[in-house]
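# Sharing a model prediction with you, sequence too.
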Amino acid sequence: MGRLFGTDGVRGVANSELTCALAFDIGRAAAFVLTQATKHKPKILIGKDTRISGDMLEAALTAGLCSVGANVVSLGVIPTPAVAYLTREYNADAGVVISASHNSAEFNGIKIFNSNGYKLSDELENEIEAIILDNAAEIEMPTGDAVGTVTRCDTAIRDYVDFAKSTIDCDLAGLRIAVDCANGASYKTSVKVIVELGAEAFVVHNHPNGININLGCGSTHTAKFQEYVKNIDVDIGLSFDGDADRLLVVDEQGNLVDGDKIMFICANALKEQGLLVKDTLVATVMSNLGMMLKAKELGINLVQTKVGDRYVLEEMLKNGYVLGGEQSGHIIFLENNTTGDGLCTALQLLAILKKSGKKMSELATIFDTMPQVIVNARVRNEKKNDYQSDPVIVDAIRELENEFAGNGRVLIRPSGTEPCVRVMIEGPEQGSISQKAKYLAKLIEARMG
């Protein structure tokens, strides 16, 4: 069996790849690894999104945690970033989220935050994995009153909402805001915050039924929401993903504003206020070439990492930077939260929108986006890295790199969360790069079986 942990925890088809037995084992091993040095009865929070498999996996995970003496606090349906925040706020030893983020309902996942609200390091994930796969440690099974207990927290939503509201220094009175909740966890929090801050909200996809999370909606399916925003006379549209750790925006004309532009607008505003530490924004290699060129013009240092918000965060922590993120809408304001937080990101942008008096479409002209295409080549998880050793694929990639050298970019990478290889090409002409990206993706699929 391969590595359990990807770039965003353990993820797979619920009840097939991510089974109850595996969830139990993860709970048991995680409680042991995270608390073996503390020698006390640990408190571990659990939150989840709205997937139908969430209750099933929470029960199994809870059983695993309690079986080694951990006390579990169930937060119910709540955004991923809320769990990161509340783990710190409630002095818990760890926080666990049951979610597959932007993926469709048949998938689910388990991601773990340490006591400081940060995603686990590779080293700790490796320890947990070794216990599950290799029986690398002998875990004592307590009995009697040493067995863990389960309690429910009824104030979690309220506490996170109050925290989110505190991250900006103005109200939102006068703004008309459309919100796409993706039939996910943000339906509990985002509209509540926006309305309490004085804005008028127009809400869609806020009726989860367990199987409609991210279904034709949310930050990975924005077309219908863009049309909705265009036709209802609002100032801005906010589109969250299933667990609300990412955000994309739609301007008042119905145009999509991606994570690159959101974080660059915020970076420029922070720089103007003298609050952008070392005048530096952290992004990934997937960020648009147009942003890189504009950063040089505005005197913003752009540091790039591997794809994955965990790598963005590592760079931020290492060098004291305060803002970083991904084109997909995972954006980290480190002075507010320890992980991507769609709601906090939205509030930072809304504060800029209100204070500037500009339209969202005007803010979004901050840089010209270079045409970019991303095509997924579907391959099995165990074959995601094999393209690097296939001579036909390697030659095809090299030819494209030579063709676009100096006039664009070619980037090929295995996904950390899905069974696919992502083919990204940037260049001067949309039609040409689309054709070439599709060709390369089909070649990878054909060669990798």
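In hand now; what should we look at? Being a predicted model, the structure only gives us computed values, none of them experimental. Residues are numbered from 1 along each chain as shown.
# And for residue 449, the neighbour number?
8 (other C-beta atoms under 10 Å). Glycine gets a C-beta too; all of them are placed from N, C-alpha and C.
# what's the spacing between the closest residue to it other than its chain neighbours and residue 342?
Spatially, and ignoring its direct neighbours in sequence, residue 449 is nearest to residue 383 (6.9 Å; C-beta to C-beta, 6 or more residues apart in numbering). Distance of residue 383 to residue 342, given as C-beta to C-beta, to the nearest Å: 32 Å.
# Looking at these two, which has the bigger crowd around it?
Neighbours were counted for residue 383 and for residue 342 using other C-beta under 10 Å; residue 342 has more, 29 against 15.
# Can you tell me the SS state at the nearest residue to the more buried one once chain neighbours are set aside?
Spatially, and ignoring its direct neighbours in sequence, residue 342 is nearest to residue 247 (3.8 Å; C-beta to C-beta, 6+ apart). Secondary structure assignment for residue 247 (DSSP: H, G, I helix; E, B strand; the rest coil): strand.
# now swap in residue 376 and tell me
From three-state DSSP, the assignment for residue 376 is strand.
# Bridged to the closest residue to it other than its chain neighbours, which residues?
In space, residue 376 comes closest to residue 420 once its chain neighbours are excluded; the distance is 4.2 Å by C-beta to C-beta, 6+ apart. Legend: beta-bridge partners of residue 420 under DSSP bridges are residue 378.
# where's residue 420 relative to residue 381, distance?
For residue 420 relative to residue 381 (C-beta to C-beta), the value is 9 Å.
# Likewise for residue 53?
Counting by C-beta to C-beta - residue 53 and residue 381 are separated by 19 Å.
# More neighbours: which of those two?
Taking neighbours as other C-beta under 10 Å, residue 53 and residue 381 compare with residue 53 leading, 22 against 17.
# Was I right to think the more buried one contacts residue 15?
Yes. If you go by C-beta atoms under 8 Å, residue 53 and residue 15 touch, sitting 6.4 Å apart.
# Rounded mean pLDDT for stretch 306-315, please.
What stretch 306-315 shows for mean pLDDT is 91.
# any idea which element residue 216 lies in?
Assessed by DSSP states H and E, residue 216 sits outside every helix and strand.
# Identify the residue nearest it in space, chain neighbours excluded?
The nearest residue in space to residue 216 (C-beta to C-beta, 6+ apart) is residue 224, at 6.6 Å.
# Next: residue 381.
Closest to residue 381 by C-beta to C-beta, 6+ apart is residue 419, at 4.8 Å.
# check contacts around that neighbour.
378-381, 384 (C-beta atoms under 8 Å, 6 or more residues apart in numbering).
# May I have the residues that are in contact with residue 24?
Counting by C-beta under 8 Å, 6+ apart, residue 24 has contacts 60-61, 63-64, 67.
# brain fart, residue 195
Residue 195 sits in contact with residue 201, where contact means C-beta under 8 Å, 6+ apart.
# Wasn't it part of a helix?
Yes. Residue 195: assigned to a helix according to three-state DSSP.
# Next, the contact list for residue 76, please.
So, once contact is read as C-beta under 8 Å, 6+ apart, residue 76 ends up touching 47-48, 152-153, 156-157.
# Enumerate the beta-bridge partners assigned to it.
Assigned bridge partners for residue 76, using DSSP bridges, are residue 47.
# Any chance of the backbone angles for residue 366?
phi -60, psi -30 (degrees, to the nearest 10).
# Next one: it relative to residue 352, how far apart?
11 Å.
# any common contacting residues for those two?
residue 265.
# does residue 265 count as helix, strand or coil?
helix.
# mind checking how far it is from residue 345?
11 Å.
# And residue 171, by the same measure?
Distance from residue 171 to residue 345, by C-beta to C-beta: 18 Å.
# Out of the two, name the residue with the larger neighbour count.
residue 345 (31 against 14).
# which ones are touching that one?
Going by C-beta under 8 Å, 6+ apart, residue 345 touches 247, 262-263, 266, 325, 329, 331, 333.
# one more time with 6 Å
With contact set as C-beta atoms under 6 Å, 6 or more residues apart in numbering, residue 345 has these partners: 247, 331.
# Check the secondary structure at it for me.
Residue 345 ends up helix, using three-state DSSP.
# Quick one: the strands in the stretch 301-449 of the chain, in order.
301-305, 323-325, 331-333, 372-378, 409-414, 420-426 (DSSP state E, counting those that start in this stretch).
# between these, which one is nearest to residue 274?
strand 323-325 (13.5 Å; C-beta to C-beta).
# The closest one: how far from the chain's middle?
12 Å (C-alpha atoms, centre = their mean, to the nearest Å).
# Ok, stretch 183-194 next?
That offset, for stretch 183-194, works out to 16 Å (C-alpha atoms, centre = their mean).
# In PDB, please show the C-alpha coordinates belonging to that stretch.
Output in PDB follows, covering the C-alpha atoms of stretch 183-194 (Å, rounded to 0.1, in the frame of the first residue of the first chain):
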ATOM      1  CA  ASN A 183     -23.900  23.100  -0.100                       C
ATOM      2  CA  GLY A 184     -21.000  22.800   2.300                       C
ATOM      3  CA  ALA A 185     -19.900  23.900   5.800                       C
ATOM      4  CA  SER A 186     -19.900  27.600   5.000                       C
ATOM      5  CA  TYR A 187     -23.700  27.600   5.100                       C
ATOM      6  CA  LYS A 188     -23.400  27.700   8.900                       C
ATOM      7  CA  THR A 189     -21.100  30.600   9.100                       C
ATOM      8  CA  SER A 190     -20.500  32.900   6.100                       C
ATOM      9  CA  VAL A 191     -23.900  34.400   5.700                       C
ATOM     10  CA  LYS A 192     -24.200  34.900   9.500                       C
ATOM     11  CA  VAL A 193     -21.000  36.900   9.500                       C
ATOM     12  CA  ILE A 194     -21.800  39.000   6.500                       C
END
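# average pLDDT for it?
On average, stretch 183-194 scores 97.
# rewinding a little: tell me the pLDDT at the residue nearest to residue 381?
86.
# try residue 382
For residue 382, the predicted pLDDT is 84.
# neighbour-wise, which of the contacts of residue 76 leads?
Neighbour-wise, those (other C-beta under 10 Å) top out at residue 47, 31 neighbours.
# Correct me if wrong: it contacts residue 78.
Yes. Using C-beta atoms under 6 Å, residue 47 is in contact with residue 78, at 4.2 Å.
# if you skip the residues just before and after it, what's nearest to residue 400?
Using C-beta to C-beta, 6+ apart, the closest residue to residue 400 is residue 410 (4.7 Å).
# With residue 101 instead?
Per C-beta to C-beta, 6+ apart, closest to residue 101 is residue 243, 5.1 Å.
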